[in-house]
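J.: kindly return the folded structure for what I paste below:
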Amino acid sequence: MYNKVFLNNLDLSGPNYPSYDSITEEIWQNLLINLVFKVADSFAFMGVSKKADLFPDGLIYFDNWTLETINLVEVDDDIVCKFRLNQNCKSKLLEYGFAVHSFKSKRFNNYYEFDQLYFFSGERLIVNYINHEDMLNFIELSEDEVKLIENLEPNLRNSFIDSVTLIAAYESRRQT
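T.: This is a model prediction of the structure:
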């Protein structure tokens, strides 16, 4: 099994290493279509344990989503509700504005619906998208799933790094 991290335009050298750019809409859509949607069958939002959690006071963003609840699972010490990754949800997730959204509501100012988005293949967590870090963690990928990465465009493929290498880069930076 392989652990990979996607960081756009990753730079492991230079005075500010490791450094990387934010994820553009084009990159977000490319990664979802050509990798995530090919292996994931469900998804969940951090801190959302029931569908009603997506509709706090005054927030109607999720009104037109077809959210099919599957079950509850534990992820990173959080109990979250898994939703089926159906065509409706795929189309909504492809809207990059969703991935970096900041909603206005009657009760909340700059309300963020989630800090992390999880994608699953069966019971296995395969992707953890951390929106405020512009980072996608790919967890325990099989060899076939890693081959999907190898088939991505070179600019995307080169932005994947083994988790161990990224940790080593941060450790090296701390020691200098």
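J.: least confident secondary structure element in this structure?
T.: Across the helices and strands of the chain, mean confidence by mean pLDDT, DSSP states H and E is lowest for helix 96-99: a mean of 59.
J.: doesn't residue 34 belong to a strand?
T.: No: if the criterion is DSSP: H, G, I helix; E, B strand; the rest coil, then residue 34 is helix and not within a strand.
J.: quick check: it touching residue 151?
T.: Yes: counting by Cβ atoms under 8 Å, residue 34 touches residue 151, with 7.5 Å between them. C-beta here means a position set from N, CA and C on the backbone, and glycine is covered the same way.
J.: which of the two has more residues huddled nearby?
T.: residue 34 (15 against 11; other Cβ atoms under 10 Å).
J.: strands of the chain, residue ranges please.
T.: According to DSSP state E, the chain carries its strands in the segments 2-6, 8-11, 19-21, 42-45, 69-75, 78-84, 116-121, 124-130, 135-141, 160-162.
J.: turn those strands into JSON lines, columns for distance to residue 52 and mean pLDDT.
T.: Formatted as JSON lines, these follow (distance: least, Cβ to Cβ, whole Å; pLDDT from 0 to 100):
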{"stretch": "strand 2-6", "distance to residue 52": "32", "mean pLDDT": "92"}
{"stretch": "strand 8-11", "distance to residue 52": "34", "mean pLDDT": "86"}
{"stretch": "strand 19-21", "distance to residue 52": "36", "mean pLDDT": "86"}
{"stretch": "strand 42-45", "distance to residue 52": "12", "mean pLDDT": "95"}
{"stretch": "strand 69-75", "distance to residue 52": "11", "mean pLDDT": "96"}
{"stretch": "strand 78-84", "distance to residue 52": "10", "mean pLDDT": "95"}
{"stretch": "strand 116-121", "distance to residue 52": "18", "mean pLDDT": "95"}
{"stretch": "strand 124-130", "distance to residue 52": "23", "mean pLDDT": "95"}
{"stretch": "strand 135-141", "distance to residue 52": "28", "mean pLDDT": "94"}
{"stretch": "strand 160-162", "distance to residue 52": "36", "mean pLDDT": "89"}
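J.: and the residue nearest the centre of this protein?
T.: residue 129 (1.9 Å; Cα atoms, centre = their mean).
J.: my guess is that one contacts residue 117, does it?
T.: Yes: the criterion here is Cβ under 8 Å, and residue 129 meets it with residue 117 at 4.3 Å.
J.: picking that back up, I'd like the strands of the chain as CSV, with distance to residue 29 appended.
T.: Converted to CSV, these look like this (distance: least, Cβ to Cβ, whole Å):
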stretch, distance to residue 29
strand 2-6, 14
strand 8-11, 13
strand 19-21, 16
strand 42-45, 16
strand 69-75, 24
strand 78-84, 20
strand 116-121, 15
strand 124-130, 13
strand 135-141, 13
strand 160-162, 17
